[in-house]
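Engineer: Make a model of this:
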Amino acid sequence: MASRTALPYTPEDADPATLPTPGLRRRLAAMLYEGVVLFGVLMVSGLLFSTITNQRHALQGRMELQGFLFAMLGLYFAWFWVHSGQTVAMKTWHVRVVRLDGRPLGWPKALARYALSWLWFLPALGVAAALNLHSSRDYTLALLAGVVVYAALTRLLPDRQFLHDRLCQTRLVTWRPAPRRR
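Structural biologist: As a prediction, the model looks like this:
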């Protein structure tokens, strides 16, 4: 298992396949920050959709809007993962996604990782639907419980990776860029 001690920076000749896995707290903090960034991405995407479709009412084209937002999120994540291995939040928290051999993700793997990352939420939503939960409080509690269970799975999986990373044969690594020379 990889060591958790982080270098002050990642040497340029470092093999990404051997870099340490970031701690769960750092990964969850990056996810929280990602949520703040995604708020803006979704607002701009929603505005774009409503302008293109001439949407006049929030319930008009609701399913199409949800599909469009799902696609825009997929494009956002996949583009960053393919081009640098890091979204804005991942860069801030020194986390990078790579393939198991340390190489960058290609488009098919990035899109598969995006689709499988919904495993964070789908089981909890399925349980909420099966239990016929209707209140927003109950849905929130079900989602929170699902996220806690999903995060706890990292304790059982090799190298403490998330389930969707194991399924996609990717891994998160600690990545600190070298300071810029002046």
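
Engineer: Going by C-alpha atoms from here, please, whenever you check contacts or count neighbours.
Structural biologist: OK.

Engineer: Which parts of the protein are helices?
Structural biologist: Taking DSSP state H to define them, one finds helices in the chain at 24-53, 62-83, 88-92, 107-116, 122-130, 136-152, 163-168.

Engineer: What lies in contact with the shortest one?
Structural biologist: Contact with helix 88-92 is made by 30-31, 33-34, 37, 96, as judged by CA atoms under 8 Å, 6 or more residues apart in numbering.

Engineer: biggest separation within those, which pair?
Structural biologist: V37 and R96 (17.0 Å; CA to CA).

Engineer: Settle it for me: which of these two has more neighbours?
Structural biologist: Each of V37 and R96 has its neighbours counted (other CA atoms under 10 Å); R96 has more, 22 against 14.

Engineer: beta partners for the more buried one?
Structural biologist: With DSSP bridges as the criterion, R96 is bridged to V173.

Engineer: now the end-to-end length of stretch 124-144.
Structural biologist: Using CA to CA, to the nearest Å, the end-to-end distance of stretch 124-144 comes to 8 Å.

Engineer: do stretch 77-90 as well
Structural biologist: Start-to-end, stretch 77-90 (CA to CA) is 11 Å.

Engineer: The helices of the chain: which one's closest to P179?
Structural biologist: Minimum separation from P179 across the helices of the chain (CA to CA) falls at helix 88-92, 13.7 Å.

Engineer: In contact with F70, which residues are there?
Structural biologist: No contacts exist for F70 under CA under 8 Å, 6+ apart.

Engineer: how much space between it and H83?
Structural biologist: F70 is 20 Å from H83, where distance means CA to CA.

Engineer: Likewise for Y114?
Structural biologist: Distance from Y114 to H83, counting by CA to CA: 15 Å.

Engineer: higher neighbour count, these two?
Structural biologist: Neighbour comparison, Y114 and H83: the larger count goes to Y114, with 22 against 13 (by other CA under 10 Å).
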